[in-house]
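J.: Let me see the structure of the following:
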Amino acid sequence: MAATPQNPAASAPRRKVSRHRGEGQWAVGHFTPLNGNEQVKKDDDGLNVRTRIETIYSKRGFDSIDPSDLRGRMRWWGLYTQRKPGIDGGKTAILEPEELDDEYFMMRVRIDGGALTTEQLRVIGEISQEFARGTADITDRQNVQYHWIRIEDVPTIWERLEGVGLSTVTACGDTPRVMIGSPVAGIAEDEIIDATPALEEMKRRVLNNKAYSNLPRKFKTAISGSPLLDVVHEINDVAFVGVRHPEHGPGFDVWVGGGLSTNPKLGVRLGAWVPIDEVPDVYEGVISIFRDYGYRRLRNRARLKFLVADWGPEKFRQVLEDEYLGGRKLIDGPAPEQPVQQWRDHVGVHRQQDGRFYVGFAPRVGRVDGATLTKIAELAEAHGSGRVRTTVEQKMIVLDVEADQVDSLVEGLEALDLSARPSPFRRGTMACTGIEFCKLAIVETKQRGSQLIDELERRIPDFDEPITINLNGCPNACARIQTADIGLKGQLVLDEHGNQVEGYQVHLGGALGLEPGFGRKVRGLKVTAEELPDYVERVLKRFQAEREDGERFAVWAARAGEESLS
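T.: Purely as a prediction, here's the structure:
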């Protein structure tokens with residue numbers, strides 16, 4: 001039959017029809033690994049690498065480590081190789097992994113809910129001094145991160161940590177990472193509900209459990225009963241947020257599908273209210289959906305946020321109820337109320353439920369050292385009950401301080417350069433690991449962030465508004481650049497002489513909690529590292545001059561003209 005306008009396919013050449021291999025979703029029968037990472041996980045569970053570390057690698061040294069363990073499975077026990085010194089940011093994306101690898105490791109100690117005893121903190125500090133050249137950064141997920149760890153020392157470090165109830169299990173890898181929680185759970189006067197029992201049961205069910213040790217990618221969890229919304233719930237794979245149901249009382253609102261990196265998405269509400277004793281069931285259901293339905297074909301689409309974006313919250317909730325909760329229908333519930341203050345880091349002196357006080361303080365961009373941590377433990381024992389906390393803002397808290405001990409504790413912290421009354425710049429500046437140790441980084445972050453704090457305190461001493469300034473060494477957003485007032489994404493830029501130098505792409509006006517959203521990128525707005533203090537000073541002074549009464553930086557940045565932001 002001749003081709004006609006009504007039948008154009010009659011003359012079209014035949015195309016080879018290829019069967020799409022799907023997204024690698026186990027729940028629809030796609031079990032064949034579609035990339036090298038999935039093959040490594042199928043070949044051997046990441047949890048099994050511990051035995052090889054203890055019996056082979058720690059005895060025979062770095063060169064004995066199998067490459068699939070070195071750059072894959074060792075992450076299941078909190079270990080990454082760190083960046084070889086002297087490799088500039090221009091080579092980050094060019095060199096092969098073995099060229100970037102140093103023979104030392106970053107080790108991440110998971111601190112679920114940020115909860116530590118002074119005994120645990122002291123051991124963390126002692127390990128830092130003995131095995132990690134003094135390094136011990138506080139991360140924005142409440143962990144402590146060491147560097148310069150030798151494979152020969154790993155079994156001893158594990159023994160010391162586990163002797164006080166700490167672990168590095170699934171601190172990295174395609175696993176349930178640390179579960180972040182309110183650092184003042186069970187403590188704060190204004191708490192809606194104490195999430196601690198649920199968090200402990202969630203840990204018991206999934207940690208070191210091979211049913212959940214092969215996920216499509218990392219899985220991030222948050223739970224808090226604080227009205228301050230103090231666990232950045234909007235950017236976790238699953239989050240439980242304390243709310244009061246008008247009929248059923250205190251419980252949790254469920255969020256899924258948040259995450260940043262190079263394709264940021266805010267989490268969405270399922271519209272479900274969950275009582276505390278059902279939180280572990282719902283958690284296990286959500287993580288199982290990710291395991292079974294998550295996309296495993298492409299690593300850059302393997303986070304839960306992509307499945308949630310494709311399904312939508314209605315379908316996700318239906319699958320959760322029908323397939324993973326045995327047909328149990330969740331109760332519809334209210335959204336969290338907006339917090340009444342922008343700072344959510346618990347810095348300063350605050351009254352507890354029991355009449356005592358907790359004192360939050362600010363290290364510089366999360367950078368401390370082992371000797372300082374042991375001194376913090378001593379201060380906490382002398383002035384409190386032996387309980388300390390880490391926060392998702394790279395801060396720390398001493399709990400249970402009697403009223404007559406507060407001033408003495410604050411003075412002791414100040415002597416360690418740990419301020420409980422920090423400037424907005426000290427309080428609000430956060431930085432990722434950066435090029436000093438990270439193999440993905442392009443620019444330096446920690447030292448630059450610390451220097452920026454000093455410059456801004458000197459140049460704008462009267463600035464007293466809440467402000468967040470987040471520095472990231474690469475596009476992966478470990479320091480949450482898209483949700484900061486001023487987010488700085490590290491990259492190489494051209495200076496005024498045409499030379500390639502370290503610099504940052506600028507994001508302005510991001511926020512969480514109060515009208516959450518991602519910062520705007522002004523066309524062509526990039527600054528060199530050298531120009532950074534001048535730029536931030538300039539934009540903050542324009543904010544001071546142009547803002548309306550009570551206007552937050554994020555709101556001003558959203559309406560300001562590009563000339564004010566450049």
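J.: Okay, buried residues for stretch 83-99 please.
T.: The neighbour-count check on stretch 83-99 (16 or more other CB atoms under 10 Å) flags 83, 87, 89, 92 as buried. No exception for glycine: its C-beta is placed from N, CA and C like everyone else's.
J.: Stretch 501-520 too?
T.: Buried residues in stretch 501-520, counted by 16+ other CB under 10 Å: 501-514, 516-520.
J.: can I get the buried residues of stretch 83-99 in TSV with pLDDT, distance to K446 and secondary structure?
T.: Output for the buried residues of stretch 83-99, formatted as TSV (pLDDT from 0 to 100; distance: CB to CB, whole Å; DSSP: H, G, I helix; E, B strand; the rest coil):
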residue	pLDDT	distance to K446	secondary structure
R83	95	13	strand
I87	93	17	coil
G89	92	15	helix
T92	91	17	coil
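J.: of those, closest to A27?
T.: Nearest to A27 among the buried residues of stretch 83-99, counting by CB to CB, is T92 at 36.3 Å.
J.: Would you agree the closest one is in contact with A441?
T.: Yes - between T92 and A441 there is a contact at 6.7 Å, judged by CB atoms under 8 Å.
J.: shared neighbours of those two, anything?
T.: Jointly contacting T92 and A441 under the rule CB atoms under 8 Å, 6 or more residues apart in numbering are 435, 474.
J.: Where do the strands of the stretch 201-350 of the chain begin and end?
T.: Ranges of strands within the stretch 201-350 of the chain are 219-224, 238-245, 249-256, 268-274, 331-332, 348-351, based on DSSP state E, counting those that start in this stretch.
J.: Nearest to E99, out of the buried residues of stretch 83-99: which one, please.
T.: The shortest approach to E99 among these belongs to I87, at 7.9 Å (CB to CB).
J.: unless I'm mixing things up, that closest one is touching E96, no?
T.: No - using CB under 8 Å, I87 is not in contact with E96; the gap is 11.8 Å.
J.: Is the residue nearest the centre of the chain in a helix, a strand, or coil?
T.: Central residue of the chain (CA atoms, centre = their mean): R141, 4.4 Å from the mean position. Of the three states, R141 takes coil under DSSP: H, G, I helix; E, B strand; the rest coil.
J.: Could you check how far it is from G348?
T.: According to CB to CB, to the nearest Å, R141 stands 22 Å off from G348.
J.: Without its sequence neighbours, what residue ends up closest to G327?
T.: Once flanking residues are discounted, G327 sits nearest to E321: 6.8 Å by CB to CB, 6 or more residues apart in numbering.
J.: Next: D464.
T.: P424 (6.4 Å).
J.: Report pLDDT for the one you found.
T.: With respect to pLDDT, P424 scores 97.
J.: pretty sure it contacts E465?
T.: Yes - using CB under 8 Å, P424 is in contact with E465, at 6.3 Å.
J.: More neighbours: which of those two?
T.: Neighbour count, other CB atoms under 10 Å: between P424 and E465, P424 has more, with 20 against 15.
J.: and the closest residue to E119 other than its chain neighbours, helix, strand or coil?
T.: Excluding the flanking residues, the one nearest E119 by CB to CB, 6+ apart is V164, at 5.6 Å. Recorded secondary structure, V164: coil (three-state DSSP).
J.: residues contacting V164?
T.: By CB under 8 Å, 6+ apart, the residues touching V164 are 117, 119-120, 123.
J.: Show only the entries of the residues you listed found in strands.
T.: T117 (DSSP state E).
J.: What is the nearest of the contacts of V164 to S564?
T.: Q120 (47.4 Å).
J.: Just the pLDDT for the closest residue to the closest one other than its chain neighbours.
T.: Leaving aside its chain neighbours, Q120 sits nearest to V164 (4.7 Å; criterion: CB to CB, 6+ apart). V164 carries a pLDDT value of 98.
J.: Check P97 too.
T.: pLDDT, P97: 86.
J.: What is the end-to-end distance of stretch 150-165?
T.: In stretch 150-165, first residue to last residue: 22 Å (CA to CA, to the nearest Å).
J.: and if you look at stretch 354-369?
T.: Terminal residues of stretch 354-369 lie 32 Å apart, using CA to CA.
J.: gap between it and the chain center?
T.: Distance of stretch 354-369 from its chain centroid, counting by CA atoms, centre = their mean, to the nearest Å, is 19 Å.
J.: for stretch 234-249, same thing?
T.: Between the centre of stretch 234-249 and the centre of its chain there are 20 Å (CA atoms, centre = their mean).
J.: Ok, stretch 516-534 next?
T.: Centre to centre, stretch against its chain (CA atoms, centre = their mean), the figure for stretch 516-534 is 22 Å.
J.: can you pull the buried residues of that stretch?
T.: Those would be 516-522, 525-529, 531-533, for stretch 516-534 by 16+ other CB under 10 Å.
J.: Equivalent analysis for stretch 56-69, please.
T.: Buried residues in stretch 56-69, counted by 16+ other CB under 10 Å: 57-58, 62, 65, 68-69.
J.: Between which two of those residues is the distance greatest?
T.: Pairwise distances across the buried residues of stretch 56-69 peak at 17.6 Å for S58 and S68 (criterion: CB to CB).
J.: Run through the helices of the stretch 1-150 of the chain in chain order.
T.: Assigned by DSSP state H, counting those that start in this stretch, the helices in the stretch 1-150 of the chain fall at 36-43, 49-52, 58-60, 67-70, 97-100, 118-131.
J.: What lies in contact with the longest one?
T.: Applying CB under 8 Å, 6+ apart, the contact partners of helix 118-131 are 109, 116, 134-136, 144, 146, 148-150, 153, 156-157, 160-161, 163-166, 369-374, 376-378, 380-381, 386-388.
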